[in-house]
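Trainee: using only what follows, build the 3D model:
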Amino acid sequence: MIPTKIFLYPLKYKSIRLNRNHIPLNSNIILNNQEEYEFHIQTLQFLYDEINNGFEPSYFITFHYRHPAERYKAKQETKSELGIGDRFGMSNTKSIWNEIPSYKYYDKRRNDYDLIEEDTRIIRNILVKELYGIKRFNHIDKLPLMFFFHELGKSKIQYHTHLLIPRFNTRNNDFHLKWDSVEELEFEFNKNIRHKAKCFSSWKHIHIREVDNPHNAVSYVNKETKKDHYSIDFNNSIFTKDKQ
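Mentor: Below is the predicted model of the structure:
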């Protein structure tokens with residue numbers, strides 16, 4: 001171990017001994033002790049090894065999940081002159097007493113990591129079919145490498161997901177990504193794919209960026225990984241060594 005100090009965002013220092021195989025970390029990471037650092041760096045090294053073993057992410061995709069609030073719309077309850085002091089409520093055709101349990105259920109679901117993984121499995125299977133044209137999932141070693149990362153962001157209210165996918169399916173040359181540009185891929189996600197899974201948010205746009213530096217990309221999506229939370233979805237991501 002190399003005795004030193006690392007800068008911790010925002011503007012505070014902690015004495016952490018860097019691993020001999022230390023990797024530059026994303027500037028948004030907050031690490032509070034040596035244990036958190038070791039846990040984070042080991043996970044990041046795993047991701048670097050995946051890149052070295054052949055994972056070449058081409059696109060960085062960010063999507064959100066449907067929240068129960070999306071079932072409602074604003075309803076004007078008063079009609080004051082010039083609209084000053086008007087009160088607005090939420091409009092829905094069902095009884096509020098029936099809606100409250102449903103709202104609580106889905107609100108909780110969007111904050112439960114295990115349930116987010118269930119939704120991600122559905123999304124993954126749709127993407128393999130729609131993006132790469134693979135209709136059968138009985139040979140995971142033929143599926144394209146795909147890395148899913150779940151994080152809460154600054155608000156810490158609801159999970160959203162980052163996805164890294166390749167342009168070329170190095171494990172099955174018969175099925176490469178159908179789309180050749182960010183614009184085409186983003187159009188396909190927002191106009192077609194998002195309607196094939198009910199768990200996609202109907203409000204929030206699906207954003208896609210091209211990856212120019214794979215190592216920087218995995219460092220960014222790994223930024224919330226600590227000893228009590230893995231950002232990377234090990235159950236749904238497809239790694240270089242995955243076999244049926």
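
Trainee: burial measure for the residue nearest to His229 when sequence neighbours are not counted, as a count.
Mentor: Beyond its immediate neighbours in the sequence, the residue positioned closest to His229 (CB to CB, 6 or more residues apart in numbering) is Tyr113, lying 7.9 Å away. (Glycine included, C-beta is placed from N, CA and C.) Here the number of neighbours of Tyr113 (other CB atoms under 10 Å) works out to 12.

Trainee: what's near enough to touch Tyr113?
Mentor: If you count contacts by CB atoms under 8 Å, 6 or more residues apart in numbering, Tyr113 has them with His150, Tyr159, His229.

Trainee: so how far is Ala197 from the last one?
Mentor: As for His229, its distance to Ala197 is 24 Å (criterion: CB to CB, to the nearest Å).

Trainee: more neighbours, these two?
Mentor: Under the criterion of other CB under 10 Å, the comparison of His229 against Ala197 puts Ala197 first, with 18 against 12.

Trainee: which parts of this structure are strands?
Mentor: When assigned using DSSP state E, the strands of the chain occupy the ranges 6-8, 12-14, 57-64, 73-76, 88-91, 147-151, 160-166, 207-210.

Trainee: how does this structure divide up, domain by domain?
Mentor: What automatic domain parsing lists as the domains of the chain is 55-67+112-221, 69-107.

Trainee: mind listing what's buried along stretch 235-244?
Mentor: For stretch 235-244, a neighbour-count test (16 or more other CB atoms under 10 Å) marks Asn236, Ser237, Ile238, Phe239 as buried.

Trainee: great, nothing more from me.
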